[in-house]
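A.B. asks: Mind folding the following:
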Amino acid sequence: IATIGIFLLVFYSTDLTISSPAAYAPLSLLRNALLIDFSINGVMWTLKLEVIAIPLFIIGFLLFRYRGISALAALLATLLILATVKLWSDLVDTPFGLQLLPFFAVGMIVYAIGRKGSVRYSPPIAMLLVIVGMAGMLSSESLPRFGVRAHHIEMVCDGFVVGLLAFGNLGVLGKIFDHAIIRFYGRISYSFYLVNPLTLLVCWHIPGALGKVMQMHIPGAIVALMLFVISVVVTTPIAWLMHKYVERPGMATGRFLVTRMFGKQSLTATGSP
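C.D. replies: Now for the predicted structure:
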């Protein structure tokens with residue numbers, strides 16, 4: 001809702017939009033705020049899928065608690081089978097429908113394996129696996145698939161990378177991820193992801209200026225790096241404000257409600273501080 005509010009403020013202040021102005025009609029605004037539609041900020045389709053996945057998290061938690069990792073593996077297999085059924089995938093209007101639900105099951109399995117201390121590789125091997133996993137993520141569209149969809153290759157690579165970053169001993173690479181700046185961007189990363197498309201409002205409306213820059217024979221990689229730096233500089237303070245005044249109060253409110261409804265022990269049981 002806060003993200004939609006920011007886009008709305010920019011639209012009414014500048015008339016800039018990355019969507020049709022019709023997306024800001026009252027009914028469309030309500031649909032976007034409720035995650036029924038994502039016409040104002042296209043990346044918000046992922047939030048829609050995550051909200052839909054909430055029952056899946058509950059099912060996964062119960063399966064793991066009473067039946068262990070094997071039950072989570074069965075859940076993953078079921079979701080992979082369902083992902084091949086068009087009727088199932090088309091139940092939700094997102095770019096991939098419900099085909100990406102298996103990602104969440106993989107995340108649960110990674111957590112279940114990692115918390116048991118099963119990710120025990122030497123730092124050089126762990127770093128190599130992270131690099132291989134990231135390369136697989138970035139090149140999943142061009143890798144041989146052998147009948148497997150590209151996002152399923154990415155899913156496996158994501159699992160390796162996240163598991164190793166969270167539970168592995170990465171040596172020097174791990175120290176890099178522990179750096180204060182990296183951890184800061186980790187904290188604000190979700191808000192950063194949501195508000196970063198604001199920079200497209202400018203980039204999409206200055207094609208002439210960008211064209212003149214390219215005509216100056218500046219290498220494309222340099223231009224891309226400049227746009228990246230400008231995008232980060234502009235997005236960072238907005239994302240920090242979102243994290244401080246939307247995310248953190250929201251999480252605090254959630255913990256308060258859970259405590260009032262179920263008692264303090266429920267927070268400990270779910271791993272919350």
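
A.B. asks: gap between the residue of the chain most remote from its centre and Ile182?
C.D. replies: Summary for the chain: using C-alpha atoms, centre = their mean, the residue whose C-alpha lies farthest from the chain's mean C-alpha position is Met216, with a distance of 36.5 Å. Here the criterion is C-beta to C-beta, to the nearest Å. By it, Met216 lies 34 Å from Ile182. Every C-beta, even on glycine, is put in place using the N, C-alpha and C of the backbone.

A.B. asks: burial count for the closest residue to Leu173 other than its chain neighbours?
C.D. replies: With C-beta to C-beta, 6 or more residues apart in numbering as the criterion, Leu173 has its nearest non-adjacent residue at 4.8 Å, and that residue is Met127. Residue crowding around Met127 was assessed by other C-beta atoms under 10 Å; the count is 19.

A.B. asks: Verify the stated contact: Met127 with Leu170.
C.D. replies: Yes - here Met127 lies in contact with Leu170, judged by C-beta atoms under 8 Å, at a distance of 5.7 Å.

A.B. asks: Tally up the residues packed near the residue lying closest to Ile36 once chain neighbours are set aside, please.
C.D. replies: The spatially closest residue to Ile36, leaving aside those adjacent along the chain, is Lys48, at 7.7 Å (C-beta to C-beta, 6+ apart). Under the neighbour criterion other C-beta under 10 Å, Lys48 is assigned a count of 17.

A.B. asks: Touching, Lys48 and Val92? I think so.
C.D. replies: Yes - Lys48 is within contact range of Val92, at 7.3 Å (criterion: C-beta under 8 Å).

A.B. asks: Enumerate every residue touching the residue nearest to Leu173.
C.D. replies: Contacts of Met127 were listed using C-beta atoms under 8 Å, 6 or more residues apart in numbering, and they are 170-173.

A.B. asks: next one: Ser191
C.D. replies: 238-240, 242-243, 246-247.

A.B. asks: Sitting in strands, which of the residues you listed do you find?
C.D. replies: With strands identified by DSSP state E, none of the entries of the contacts of Ser191 belong to them.

A.B. asks: closest to Leu56 among these?
C.D. replies: Glu247 (22.3 Å; C-beta to C-beta).

A.B. asks: Pull stretch 116-127 out as CSV, backbone CA atoms only.
C.D. replies: Taking only C-alpha atoms (Å, rounded to 0.1, in the frame of the first residue of the first chain), the coordinates of stretch 116-127 have been written out as CSV:
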residue,chain,number,x,y,z
LYS,A,116,20.4,-29.6,11.0
GLY,A,117,23.9,-28.6,10.2
SER,A,118,24.1,-30.6,7.1
VAL,A,119,25.8,-27.9,5.0
ARG,A,120,29.4,-28.8,5.8
TYR,A,121,31.7,-27.9,3.0
SER,A,122,35.2,-26.4,3.3
PRO,A,123,35.3,-22.7,2.5
PRO,A,124,36.9,-23.2,-1.0
ILE,A,125,34.3,-25.8,-2.0
ALA,A,126,31.5,-23.6,-0.6
MET,A,127,32.7,-20.6,-2.5
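
A.B. asks: mean confidence score for it?
C.D. replies: Stretch 116-127 carries an average pLDDT of 80.

A.B. asks: Mind listing what's buried along it?
C.D. replies: Of the residues in stretch 116-127, those with enough neighbours to count as buried (16 or more other C-beta atoms under 10 Å) are 119, 126-127.

A.B. asks: With secondary structure and distance to Phe256 as added columns, please give those in CSV.
C.D. replies: As requested, the buried residues of stretch 116-127 are exported to CSV (DSSP: H, G, I helix; E, B strand; the rest coil; distance: C-beta to C-beta, whole Å):
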residue, secondary structure, distance to Phe256
Val119, coil, 34
Ala126, helix, 38
Met127, helix, 41
